[in-house]
Each structure stands twice: as structure tokens, then as C-alpha cells.
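*Asks:* sequence plus the predicted model coming up.
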Amino acid sequence: MSLQKKVEDMSVLVVDDEEKIGELIKVFLESAFPFRSIVLAPNALQATQKSLNQEFDLLIVDHVMPGKVGIEFIDQIRNNVRFSKVKIILISGYLQQEDVLQAIKLGIKHIVVKPFSRQQLVSQVADIMNIKVYEY
């Protein structure tokens, strides 16, 4: 019998090259959920390194980043059995139709378009993680 993991035991990795956006996402999440940790990474390379050192339950990944774009990063980690069950939200201010189709092909059902509100992000996280929102 498997029990659902408690929110207090969950960790989130936010991958966004815009530091202010990453910090804003962290503030939005901290105001709504008592996650154990919220880690920021400015690019796919650092996100990969961080995910090798820590287990994450949720990845929030920006699509347009220098080096490797979000969908390429997601494709890379999805090929690792360790990340097969990780929940992923893709965020972007610029997605073309082929990007959306590729995201769907990778099993991404949650996409948040920039600019987004706290409510939009929080509701997507609550939905994908099947958890309730806490108001602090």
C-alpha cells in the first residue's frame, strides 16, 4: 500500500535563467505550500547537476534559456528512469506550436505562459501535485 508523500517532504527545482523570475516563483510557492525545499537553477546544466545530488518531486522549467532549451532538458531527464515519475511544469513567454506538440509528446500537460499571476502558478502546482493550497 503506497501512501502519498506529504507536501512538507516534497522538493521543487525551478529552472529559469532570469534570476528575478526564479525568485518570484520561489516566493509564490513559499506563500502557498510548505515544501521542504525549493531550489533554483539558472540553466539546464546546473539543473542537471542539482538533480543528481538531490531528489525532486516537481520541476518548474523555463523553455527559453541559453544553452539547452527547457524541452531539451526535459527530454534528457525523461530518458533517465530516476526522473520518470517527476512532475513537470513548463513555463515560457514564447512557445511555438511545435514546442507545445513536443511538450505534449514528453508528457507535459501543465504549461504556464509568462507573464503569469501567483494564482495561475499556484493552481497549476496544486493540480499537478494533487495538493491543497495553504494561505500564510
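*Replies:* Nice, I can see it.
*Asks:* find the residue at the geometric middle of the protein.
*Replies:* residue 60 (1.4 Å; CA atoms, centre = their mean).
*Asks:* who does whichever helix or strand that one is part of pair up with?
*Replies:* Under DSSP states H and E, the secondary-structure element containing residue 60 is strand 58-62. Sheet pairing of strand 58-62 (DSSP bridges) gives strand 11-15 (parallel), strand 87-92 (parallel).
*Asks:* now those strands in a markdown table, with mean pLDDT?
*Replies:* Listed next are the strands paired with strand 58-62 as a markdown table, based on pLDDT from 0 to 100:
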| stretch | mean pLDDT |
| --- | --- |
| strand 11-15 | 98 |
| strand 87-92 | 95 |
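*Asks:* can I get those in JSON lines including distance to residue 117 and mean neighbour count?
*Replies:* The way it works is simple: take the backbone N, C-alpha and C, and place the C-beta from them, glycine included. Conversion of the strands paired with strand 58-62 to JSON lines gives the following (distance: least, CB to CB, whole Å; neighbours: other CB atoms under 10 Å):
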{"stretch": "strand 11-15", "distance to residue 117": "17", "mean neighbour count": "23"}
{"stretch": "strand 87-92", "distance to residue 117": "12", "mean neighbour count": "23"}
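*Asks:* my guess is the residue nearest to the centre of the chain meets residue 89, correct?
*Replies:* Yes: using CB atoms under 8 Å, residue 60 and residue 89 qualify as a contacting pair, with a distance of 4.8 Å.
*Asks:* shared neighbours, the two?
*Replies:* Jointly contacting residue 60 and residue 89 under the rule CB atoms under 8 Å, 6 or more residues apart in numbering are residue 125.
*Asks:* the longest helix anywhere in the chain: what's the following helix or strand?
*Replies:* The helix of greatest length in the chain, counted in residues with DSSP state H as the criterion, is given as helix 19-32. Sequence-wise, the next helix or strand beyond helix 19-32 is strand 37-41, with elements assigned using DSSP H and E.
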